[in-house]
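*Asks:* need coordinates for the below:
(one chain, ligands or ions: 1)
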Amino acid sequence: MYVDEKSKDQQLSRDRSEPTGNFLTTDQGIRVEHTDDSLKIGARGPTLLEDFHFREKITRFDHERIPERVVHARGAGAHGYFQVYESQAKYTRAKFLQDPAKKTPVFVRFSTVAGSRGSADTVRDVRGFAVKFYTEEGNWDLVGNNIPVFFIQDGIKFPDIIHAAKAEPHHEIPQAATAHDSFWDFVSLVPETMHMVMWTMSDRAIPRSFRMMQGFGVHTFRFIDEKNTARFVKFHWKPLLGTHSLVWDEAQKLSGKDPDFHRRDLYEAIEQGDFPEYELGIQILEEADAQKLGVDLLDATKLIPEEVVPVQPVGKLTLNRNPTNFFAETEQVAFCVANIVPGIDFTDDPLMQARLFSYLDTQLTRLGGPNFAEIPINRPVAPVHNNQQDGFGRHTSNVGRANYFPNSLGGGCPFLASQKQGGYVHHPEQVSGQKLRERSASFNDHYSQAALFFRSLSAPEQEHLIDACRFELGKVETKAIQERVLEHFAKIDALLVSAVAEGLGLPAPKATPVTPKGPPASKALSMEAMKQAMPPSIKTRKIGVLVADGVDADELMAVRKELEAQGALVKVIAKRLGTVKAANGKDVPVDKSALTTDSIEYDGVFIPGGAASVATLKKDGKARHFVQEAYLHCKTVGAAKDAEELLKACEIDPAAPGIVAGSKAGAGTAFATAFSQALAKHRHWDRKDNDRVPA
Ligand code: HDD
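*Replies:* Residues are numbered from 1 along each chain as shown. Here you go, the predicted model:
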């Protein structure tokens with residue numbers, strides 16, 4: 001069958017209801033003449049039960065809510081397509097991975113894990129990265145996270161880790177945070193969590209944007225080629241904009257000032273044509289080589305360092321369309337790890353095996369029964385014919401009397417497909433053993449890769465991780481839990497344990513750090529190292545420009561032009577909306593009033609010259625706070641020559657890293673170039689004195 005980028009949208013369009021140019025009707029299609037008053041006996045009399053419009057309207061409202069996802073309740077989705085760079089026939093027979101001309105439609109949902117549907121986007125948490133590929137051979141769901149490993153090794157412990165991480169049951173506090181006793185109690189008792197704890201305490205857990213985070217399939221899967229040869233495969237998504245994070249103070253403030261920060265960022269980027277792109281990469285391992293790795297591929301708490309097995313680029317995911325309705329698409333989308341297509345297969349990873357059951361099961365409650373695959377967003381574009389039937393909310397209507405297999409009354413239809421005809425054939429893996437509840441000894445090393453991760457981070461990243469542990473454990477009320485966690489940290493790294501212990505005011509246990517077996521460090525684990533390896537770019541970065549009456553409009557325009565030419569987004573901020581009067585008498589349009597925006601929403605700040613404008617900003621506490629906060633968060637601050645006065649008022653040294661001061665950088669294009677180069681560094685962690693600046 002023919003599938004292209006538009007196939008899913010065309011299918012969805014059949015179910016879209018377009019209000020423009022249409023009458024208001026009831027669910028039965030009866031046109032409504034009046035919807036503001038219920039049907040009564042006399043204008044002041046009782047409402048009549050007969051009022052079908054009133055009853056229907058209220059009933060439908062009463063039943064609008066469905067249960068939120070038990071985990072990953074908060075999320076945002078987008079449509080797009082996936083395209084391979086070249087045929088992957090050497091590894092897999094999956095049809096959508098064969099032809100570089102083919103665009104396979106996808107729906108992606110990003111999410112946080114612990115918080116409820118209404119929680120804030122920027123909390124410290126793992127992010128979900130779930131992709132539904134609507135392939136010509138059926139749906140394949142790659143339900144991953146932005147962290148390549150998981151907390152636990154066997155899915156039977158999933159309810160335990162999730163109960164411990166979510167709000168505590170007696171008072172349902174705290175919301176969307178692991179900074180509480182029960183989470184740390186659990187991890188202190190389950191050392192297999194340590195590797196992922198390192199990741200969640202790192203800057204990975206506070207991404208700048210869904211557009212700027214990696215994704216991972218986490219488990220080891222199998223690719224099966226045309227000759228039925230199986231190879232192990234791990235999936236990676238790499239954002240083309242690079243992997244970037246917020247800082248913790250910023251993330252916390254955003255939770256209040258703009259709880260929809262990530263959702264808004266994704267939506268707006270797509271609306272303005274800045275389509276998020278991610279490269280799919282694979283790590284391929286021959287089955288015969290798996291033993292030599294030193295880690296068990298079935299253990300989801302371990303990764304394969306890219307230095308050991310390189311990531312091969314395979315294709316690109318582009319997100320180019322927002323959902324038309326959040327509930328219909330983003331809320332009702334049902335990802336199932338068990339949705340798989342020929343050419344891809346599972347492994348015996350006990351975490352994955354549990355997931356193969358859980359995802360379908362959970363939809364039965366969340367989406368009200370077994371017919372959720374017929375909800376438009378979940379429907380494959382591949383044809384569906386089988387003898388499954390009935391149940392709540394059945395949409396399609398099977399034709400004929402033969403609803404069983406085999407049959408002769410229906411001419412034997414629907415009939416079976418051989419492997420050649422695209423029938424799914426499970427990989428005939430050889431397995432034998434005793435039936436027992438046991439963990440393989442090969443899963444035992446819980447500290448090596450935690451240490452590998454910590455040691456691979458740059459000094460500022462390590463510092464952030466330590467601060468995060470101090471914050472989270474500092475909120476733990478039970479001293480014994482803090483002490484138990486420190487015992488684990490002592491096995492990971494000496495700096496880690498001493499610095500966290502110091503922050504908690506506890507004696508550090510003697511450090512006995514493990515020696516990682518593989519490479520001593522892996523560049524791919526550090527966001528800073530990855531940043532260095534990428535060409536500098538300020539694409540889609542947001543710059544706030546502070547202005548008041550008397551601003552130098554020419555300078556503003558020159559810098560704006562240069563930044564926009566490089567793909568940055570520039571917003572002019574003044575005390576009030578409307579316009580400000582520039583020094584040359586022209587009106588400069590204002591994009592945002594200072595009342596409604598803050599530095600935490602921007603990646604950098606620019607203060608153009610103009611003596612009167614700078615004098616006004618200097619006196620304005622909110623403007624000073626804007627600059628100081630950006631400085632504190634290690635963002636680039638550009639101050640044209642006149643505007644250096646404002647830096648002084650903010651107690652900021654114009655020679656500090658990432659401060660582009662006009663008297664040094666020059667004016668016009670020279671300034672704009674210096675400013676954009678500083679912006680392309682994203683953060684200036686080497687600001688030693690930023691604690692001194694108030695914000
Ligand atoms: Fe899960 C949702 C990712 C382990 C059970 N999971 C869910 C979502 C993502 C992940 C991204 C949200 C999908 C969406 O946007 O709708 N989960 C993971 C990853 C895991 C993982 C990467 C480890 C490698 N999950 C995991 C285990 C279990 C579950 C071990 C159960 C045994 N996950 C669920 C669930 C959810 C879910 C309860 C809640 C909503 C849903 O499935 O559709 O079934």
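*Asks:* please parse this protein into its domains.
*Replies:* Following the assignment in the TED database, the chain carries domains at 75-378, 446-526, 536-681.
*Asks:* of all those, which one is nearest the ligand?
*Replies:* domain 75-378 (2.7 Å; Cβ to the nearest ligand atom). The C-beta positions use only the backbone N, C-alpha and C, and glycine is treated the same way.
*Asks:* now do that closest one: distance from first to last residue.
*Replies:* One end of domain 75-378 to the other measures 17 Å (Cα to Cα, to the nearest Å).
*Asks:* same list (the domains of the chain) but as CSV, adding distance to the ligand.
*Replies:* Formatted as CSV, the domains of the chain follow (distance: least, Cβ to the nearest ligand atom, whole Å):
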stretch, distance to the ligand
domain 75-378, 3
domain 446-526, 15
domain 536-681, 23
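*Asks:* pipe the ones you listed into CSV and attach mean neighbour count per row.
*Replies:* Output for those, formatted as CSV (neighbours: other Cβ atoms under 10 Å):
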stretch, mean neighbour count
domain 75-378, 20
domain 446-526, 19
domain 536-681, 20
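*Asks:* of those domains, which is nearest Ile41?
*Replies:* domain 75-378 (36.8 Å; Cβ to Cβ).
*Asks:* distance between stretch 376-396 and the chain's centre?
*Replies:* Remark: stretch 376-396 is offset 29 Å from the chain centroid, using Cα atoms, centre = their mean, to the nearest Å.
*Asks:* would you mind listing the buried residues in it?
*Replies:* Pro376, Ile377, Asn378, Arg379, Pro380, Val381, Ala382 (16 or more other Cβ atoms under 10 Å).
*Asks:* quick check: the fifth one touching Asn139?
*Replies:* To tie it back to what came earlier, the one meant is Pro380. Yes: contact between Pro380 and Asn139 holds when scored by Cβ atoms under 8 Å: they sit 4.7 Å apart.
*Asks:* need the domains of the chain in JSON lines with distance to Asp36 and mean pLDDT, can you?
*Replies:* Formatted as JSON lines, the domains of the chain follow (distance: least, Cβ to Cβ, whole Å; pLDDT from 0 to 100):
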{"stretch": "domain 75-378", "distance to Asp36": "25", "mean pLDDT": "98"}
{"stretch": "domain 446-526", "distance to Asp36": "50", "mean pLDDT": "96"}
{"stretch": "domain 536-681", "distance to Asp36": "33", "mean pLDDT": "96"}
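*Asks:* dump those to CSV, plus distance to Phe405.
*Replies:* What follows is those, written out as CSV (distance: least, Cβ to Cβ, whole Å):
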stretch, distance to Phe405
domain 75-378, 18
domain 446-526, 47
domain 536-681, 52
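*Asks:* between those, which gets nearest to Phe61?
*Replies:* Checked against Cβ to Cβ, the stretch from the domains of the chain lying closest is domain 75-378, at 13.4 Å.
*Asks:* now do the helices in the stretch 551-695 of the chain.
*Replies:* 553-565, 611-619, 621-632, 644-649, 662-665, 668-679 (DSSP state H, counting those that start in this stretch).
*Asks:* hmm, back to that, let me know which of the domains of the chain is the nearest to Lys40.
*Replies:* Here domain 75-378 is closest among the domains of the chain (Cβ to Cβ), at 32.3 Å.
*Asks:* related to what we said a few turns ago, make CSV from the helices of the stretch 551-695 of the chain and add distance to Asn444 to it.
*Replies:* Listed next are these as CSV, based on distance: least, Cβ to Cβ, whole Å:
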stretch, distance to Asn444
helix 553-565, 52
helix 611-619, 60
helix 621-632, 43
helix 644-649, 55
helix 662-665, 56
helix 668-679, 46
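*Asks:* closest one to Asp15 among the ones you listed?
*Replies:* helix 553-565 (38.8 Å).
*Asks:* Ile162 contacts Val70, correct?
*Replies:* Yes: the pair Ile162 / Val70 is scored as a contact, 7.4 Å apart, by Cβ under 8 Å.
*Asks:* many thanks, have a good one.
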